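*Asks:* my questions concern the predicted model and sequence given below.
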Amino acid sequence: MSKLNLYNTLTKNEELFQSIIANRVGMYVCGPTVYGAPHLGHVRGPIVFDVLRRFLTKEGYQVRFVRNITDVGHLVGDSDEGEDKLQKQAKIEKLEPMEIAQTYTDIYNDVMDQIGVLRPSIEPKASGHIIEQIEMIQSIIDKGLAYESNGSVYFDVLEYSKNHNYGELSGRILDDLMAGAGNQSRELEGQSEKKNANDFALWKKATPEHIMQWTSPWGKGFPGWHIECSAMSAKYLGEEFDIHGGGMDLLFPHHECEIAQSRAAHNHQPAKYWVHHNMITINGQKMAKSLNNGVTVKQLFDGTHPLLSKSFSPQTLRFFVLQAHYRGTLDFSEEALIASEKGLNRLQSAVNLIDKLKISQTATFGFQDIEQGILDALNSDLNTPQAIAHLFELARRVNLINDGKETIDALNLELLNKIISVYLRGILGIQEIVSGASNHLDSVLQLLIEMRAQAKSEKNFALSDLIRDKLKTSGIEIMDSKEGSSWRIID
Ligand SMILES: [Zn+2]
């Protein structure tokens with residue numbers, strides 16, 4: 001049996017994980033709305049839930065991991081009003097909304113592959129599950145907990161609250177919401193078709209110019225954002241499954257609404273454990289378009305963002321994310337990333353020594369405590385920073401053995417190799433080839449940049465230009481600025 005303790009946002013307690021069906025785990029994680037290139041805020045969740053999935057698999061569970069693609073119904077501003085995010089982007093790029101969806105789904109999956117996130121078992125699209133969503137909406141109407149109004153369908157929050165606690169997940173109090181919404185409703189047009197400003201859309205009537213629309217019992221329209229996750233999780237994982245994951249920013253309204261919809265349609269809440277990861281901030285600030293501090297993953301990998309002076313490998317990014325506990329905030333800065341890169345290099349250098357260690361008859365060092373330490377850390381609400389601390393201790397011991405100050409025997413060497421392959425590679429998902437290659441490339445290029453600077457200072461412009469031009473023909477651009485030079489791979 002598993003010894004995994006997970007913090008459940010629904011009960012606000014750390015609980016021993018027990019799957020609903022023995023040896024099987026059903027896991028649903030809210031996926032991306034595919035209308036733009038993924039930025040740093042989009043990688044934390046996938047990495048955290050990937051580690052959780054890998055850990056459960058290692059513990060002997062057969063995990064069905066569902067992560068959706070939102071390609072319809074997510075409106076600008078995350079509420080019931082405004083344009084569909086994909087449709088808006090489609091106009092800007094002069095493409096069909098489904099071309100936007102395909103383009104950004106492909107980019108998203110490329111990034112996930114690069115950072116070592118395993119592909120989901122099932123990756124359902126909202127637009128491919130309109131029938132399921134209509135059926136679920138109809139069953140909520142049949143229960144008297146949703147109503148049609150002017151071709152749209154809204155969830156009746158007040159009616160639902162007579163027998164349920166709307167706010168059970170997020171801790172929001174309905175009376176407070178009502179007071180807040182009262183002020184808003186006077187300002188927002190379109191709220192008048194709702195009985196109450198807190199009611200949320202299950203189905204929205206489409207205007208003729210709205211491209212993505214489907215026929216429904218209530219006329220032509222499109223589904224609301226929240227209903228897709230309820231309908232698709234129930235379809236692929238059943239009406240009650242083990243783990244529902246997502247970011248803390250989705251607690252309200254998205255996940256609160258998912259719970260309300262499932263309780264209304266299926267008479268119980270959908271997931272046994274609700275797991276939420278915290279957000280990534282940048283230099284202490286929230287990431288926001290208005291602050292112009294959003295770093296895309298691609299900019300990080302090729303070092304082209306103004307906040308960065310160099311590029312970082314996907315493995316460094318993954319390691320950086322796992323060096324913080326998933327429920328704590330994680331502040332992104334170049335300094336922090338450089339620290340992670342150094343740490344990862346230190347770990348990798350020690351791992352490279354393992355094959356060269358001399359085996360002795362007796363061992364002055366064992367590694368059982370390291371393995372147990374990592375296991376205990378992961379069991380303790382997926383404490384990856386603690387697991388990594390044990391790996392650093394492992395690296396320290398390997399260096400001492402390599403220096404001849406301590407000894408290792410055959411049995412412990414075997415255990416050492418097992419810890420690397422099972423925990424570092426298998427569960428934390430830190431792979432060597434990618435980071436190794438890119439780190440070497442970086443050191444070679446730093447050397448060339450230094451040589452070029454030297455040539456320039458000696459007024460040997462023929463040589464400095466030669467270095468720049470030759471690199472350019474091999475697809476690497478040297479960028480000069482006041483702070484010095486950096487490099488990037490040309491597309
Ligand atoms: Zn969702």
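*Replies:* Arrived safely, thanks for sending.

*Asks:* from here on, contacts and neighbour counts on C-alpha atoms
*Replies:* Noted.

*Asks:* which residues touch the closest residue to Gly429 other than its chain neighbours?
*Replies:* In this structure, Gly429 finds its nearest non-sequential neighbour in Gly116, 6.3 Å apart by CA to CA, 6 or more residues apart in numbering. By CA atoms under 8 Å, 6 or more residues apart in numbering, the contact set of Gly116 is Gln315, Gly429, Ile430, Gln431.

*Asks:* which members of the residues you listed are the farthest-apart pair?
*Replies:* The distance between the two most remote of the contacts of Gly116 (CA to CA) is 8.8 Å, for Gln315 and Gly429.

*Asks:* tell me, how many residues neighbour the residue of the chain found nearest the ion?
*Replies:* In the chain, the residue found nearest to the ion is Cys30; the distance is 4.1 Å by CA to the ion. Counted with other CA atoms under 10 Å, the neighbours of Cys30 add up to 21.

*Asks:* repeat that for Lys94.
*Replies:* By other CA under 10 Å, the residues close to Lys94 number 12.

*Asks:* three-state assignment of Met178?
*Replies:* For Met178, the assignment made with DSSP: H, G, I helix; E, B strand; the rest coil gives helix.

*Asks:* can I assume it is in contact with Asn198?
*Replies:* Yes: with contact defined as CA atoms under 8 Å, Met178 and Asn198 form a contacting pair (6.8 Å).

*Asks:* enumerate the residues of this protein near the ion.
*Replies:* Residues of the chain lying close to the ion (CA under 5 Å from the ion) are Cys30, Cys229.

*Asks:* could you rerun that using 8 Å?
*Replies:* Neighbours of the ion within the chain, by CA under 8 Å from the ion: 29-31, 68, 225-226, 228-230, 246, 250, 254-255, 258.

*Asks:* all helices of the stretch 351-491 of the chain, in order?
*Replies:* 368-379, 384-402, 410-418, 432-457, 461-473 (DSSP state H, counting those that start in this stretch).

*Asks:* if we can go back for a sec, quickly note the distance from the residue nearest to Gly429 to Met451.
*Replies:* For Gly116, the distance to Met451 equals 35 Å [CA to CA, to the nearest Å].

*Asks:* follow-up on the earlier one: out of Met178 and Asn198, which sits in the more crowded spot?
*Replies:* Taking other CA under 10 Å, Met178 and Asn198 do not tie; Asn198 has more neighbours (21 against 15).

*Asks:* show the pLDDT at that one.
*Replies:* With respect to pLDDT, Asn198 has a value of 92.

*Asks:* now it. Its backbone dihedrals?
*Replies:* phi -80, psi -10 (degrees, to the nearest 10).

*Asks:* pretty sure it sits against Ala179.
*Replies:* No: using CA under 8 Å, Asn198 makes no contact with Ala179, being 10.0 Å away.

*Asks:* after the lowest-mean-pLDDT helix or strand in the chain, which helix or strand is next? Please name it.
*Replies:* Lowest mean confidence among the helices and strands of the chain (mean pLDDT, DSSP states H and E): helix 174-187, at a mean of 67. Downstream of helix 174-187, the next assigned helix or strand under DSSP states H and E is strand 201-205.

*Asks:* Leu378 and Thr384 touch, don't they?
*Replies:* Yes: between Leu378 and Thr384 a contact is recorded at 6.2 Å, counting by CA under 8 Å.

*Asks:* quick check: closest non-adjacent residue to Ile122.
*Replies:* In space, Ile122 is closest to Val66, 4.9 Å off (CA to CA, 6+ apart).

*Asks:* quick one: that neighbour is in a strand?
*Replies:* Yes: Val66: assigned to a strand according to three-state DSSP.
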